[in-house]
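> This is a predicted model, with the sequence first.
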Amino acid sequence: MLQPSSVKISEIEFFELRDIIVKVSGIMFSEHKKYLIENRLSKRLIELKFTSFKEYNNYLKNNPKRDAEIVTLINLVTINETYFMRERGQVDYLVSTVMPALIAKNKKNIRIWSIPCSTGEEPYSIAIELFDAGFFSKATIEVIATDINSDVVEAAKHGVYREGAFRSCSPQFISKHFTQQGTDFLINSNIKNRVKFNVGNIVSSKIVPMMGSIDIIFCRNVLIYFDFDNKKTALLNFNKILSNDGYLFLGHSESVSRVSTDFVMNNFGTGIVYTKK
Ligand SMILES: C[S@@+](CC[C@H](N)C(=O)[O-])C[C@H]1O[C@@H](n2cnc3c(N)ncnc32)[C@H](O)[C@@H]1O
């Protein structure tokens, strides 16, 4: 019987599959990720009774069920690493400066978007910090969280975490907002109910009408995986979605420079926030 690790991917098959993945999601796997792809997809090939990636690639291109398989493929290959209060300087800046600035302008509805949200640690961190600072009583605040991977979005909706997700948090953060059940930590419903999750793709034009106007975008630790054209597409979409006085936060190792001229970079000491030109 074939073992999951026994389906090997050739160079040509890898390049063909990589083109399919980048076209759908923006994620560009470099050649040294060949084995990651092989490891993550071998079991799926065996489930489908394929003995080669060539057959799988053909299925993704020609089979009537290809759309459903693309969803499975993307769920299997995305890198979903995240944790609570990651790059916390930006969340601190949101609370200390961005929210007060929007409220001072008399903004009654503030829409915040965490994209990609992975398993929910980022949008829940935002909701927790806003809650602790009392912002939910000062304006109508929507926290929306989106990811291309439907499995992580389902997990995020459940809001159940293990200890490793809290590597950057104080014991008070955990005890105030989570209920421990054995080795699981369940997010309390007063925070859980503040975040609305959905599945969406930042390089698809459908994301613009789907989201409407957003005041604050957190798009952290995904553009690093994209090729140049898809970075450009994502930033063009953000430019359309972001309100004129809105704010865009990217991950620490990400930047708009050389990709978009639509944003102004503002350095606030512990990080960077982009505003629209
Ligand atoms: C490393 S996680 C980042 C999560 C969180 N923003 C953080 O900084 O901790 C990257 C996430 O990007 C998602 N992703 C990849 N391509 C995407 C796309 N085109 N649209 C939306 N989400 C995408 C993946 O599914 C994955 O959950």
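Done, it's in.

> number of nearby residues for residue 243?
Other residues within reach of residue 243, judged by other Cβ atoms under 10 Å, total 17. Placement of C-beta: from N, CA and C, glycine included.

> give me every residue that touches the residue nearest the centre of the chain.
In the chain, the residue lying closest to the centroid (Cα atoms, centre = their mean) is residue 116, at 1.4 Å. Shown in contact with residue 116 (Cβ atoms under 8 Å, 6 or more residues apart in numbering): 146-149, 202, 219, 222.

> burial measure for the nearest residue to residue 257 once chain neighbours are set aside, as a count.
Spatially, and ignoring its direct neighbours in sequence, residue 257 is nearest to residue 265 (7.6 Å; Cβ to Cβ, 6 or more residues apart in numbering). Neighbours of residue 265 under the rule other Cβ under 10 Å: 13.

> did I read that right, residue 265 in a helix?
No: under DSSP: H, G, I helix; E, B strand; the rest coil, residue 265 falls outside any helix and is assigned strand.

> contacting residues around stretch 73-86?
Outside stretch 73-86, the residues that touch it by Cβ under 8 Å, 6+ apart are 20-21, 24-25, 27, 29, 36-37, 40-41, 44, 60, 91, 118-119, 121-122, 124-125, 148-152, 161, 164-169, 173, 220-221, 225.

> hmm, which of the residues you listed are the buried ones?
Neighbour-count burial (16 or more other Cβ atoms under 10 Å) applied to the contacts of stretch 73-86 gives 20-21, 24-25, 27, 29, 37, 40-41, 44, 60, 91, 118-119, 121-122, 124-125, 148-149, 151-152, 161, 165-166, 169, 173, 220-221, 225.

> Could you tell me which of the residues you listed belong to helices?
The helices, defined by DSSP state H, take in 20-21, 24-25, 37, 40-41, 44, 60, 91, 121-122, 124-125, 151-152, 173 from those.

> pLDDT score assigned to residue 5?
Per-residue confidence at residue 5 stands at 56 (pLDDT).

> Likewise for residue 270?
Listed pLDDT for residue 270 reads 88.

> roughly how far apart are the closest residue to it other than its chain neighbours and the ligand?
Leaving aside its sequence neighbours, residue 270 sits nearest to residue 89 (Cβ to Cβ, 6+ apart; 3.5 Å). Separation of residue 89 from the ligand (Cβ to the nearest ligand atom, to the nearest Å): 13 Å.
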